[in-house]
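J.: need a structure here:
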Amino acid sequence: MFKDPYGRHDSLTRVQREYTNALRWNQPDIAAQFVHPDMVEEFTSHRQKFKEIRVTDYETSKVTWGEDKATAVLVVTYHAYSMSTMVEKEIREIQHWMRMSPKLNDWVVKPKLNELID
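T.: Prediction:
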């Protein structure tokens with residue numbers, strides 16, 4: 001059983017949901033607040049591509065924790081369609097989460113955006 005005296009799971013669940021919902025509701029600037037600082041510029045450069053898709057629903061996989069509980073990976077499957085084709089498809093995003101500080105629950109994501117924006 002996973003013991004979580006520092007609330008890491010709860011804090012990850014909260015920020016992951018906020019990030020994913022921001023993408024779902026076409027709010028990339030809000031989602032960018034959760035992106036790792038090294039990736040924010042690349043992430044925000046895709047604003048226009050984010051505006052071209054509409055997410056109708058999503059499913060999140062179970063969290064795979066790193067050994068130190070400072071990293072986690074989730075796979076989110078979005079059900080979305082392109083505004084230009086109006087054809088719905090499933091899009092997978094691999095979310096690599098990490099805590100910026102070993103003592104805090106300040107989670108940030110390094111998203112794999114290829115499928116999401118292509």
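J.: show me where pLDDT drops low in this structure?
T.: 1-8, 114-118 (pLDDT under 70).
J.: what is the neighbour count of the residue lying closest to Trp97 once chain neighbours are set aside?
T.: Nearest residue to Trp97, sequence neighbours excluded (C-beta to C-beta, 6 or more residues apart in numbering): Ala72, at 4.5 Å. C-beta coordinates here come from the backbone N, C-alpha and C atoms, glycine included. Ala72 has 21 neighbours, counted by other C-beta atoms under 10 Å.
J.: show me what Ala72 bridges to in the sheet.
T.: On the basis of DSSP bridges, Ala72 is bridged to Trp65, Trp97.
J.: my guess is it meets Thr64, correct?
T.: Yes. Counting by C-beta atoms under 8 Å, Ala72 does reach Thr64; the two are 6.5 Å apart.
J.: phi, psi of the closest residue to Trp107 other than its chain neighbours?
T.: In space, and not counting its chain neighbours, Trp107 is closest to Val15: 4.8 Å by C-beta to C-beta, 6+ apart. Note on Val15: backbone dihedrals following degrees, to the nearest 10 are phi -70, psi -30.
J.: residues contacting Val15?
T.: Going by C-beta atoms under 8 Å, 6 or more residues apart in numbering, Val15 touches Phe34, Trp97, Trp107.
J.: turn those residues into JSON lines, columns for neighbour count.
T.: Below are the contacts of Val15 laid out as JSON lines (neighbours: other C-beta atoms under 10 Å):
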{"residue": "Phe34", "neighbour count": "21"}
{"residue": "Trp97", "neighbour count": "23"}
{"residue": "Trp107", "neighbour count": "22"}
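J.: residues contacting Phe34?
T.: Val15, Glu18, Tyr19, Ala22, Trp107, Val108, Val109.
J.: which of these fall in helices?
T.: Residues of the contacts of Phe34 located in helices (DSSP state H): Val15, Glu18, Tyr19, Ala22.
J.: distance check, the last one against Ser84.
T.: This means Ala22. According to C-beta to C-beta, to the nearest Å, Ala22 stands 22 Å off from Ser84.
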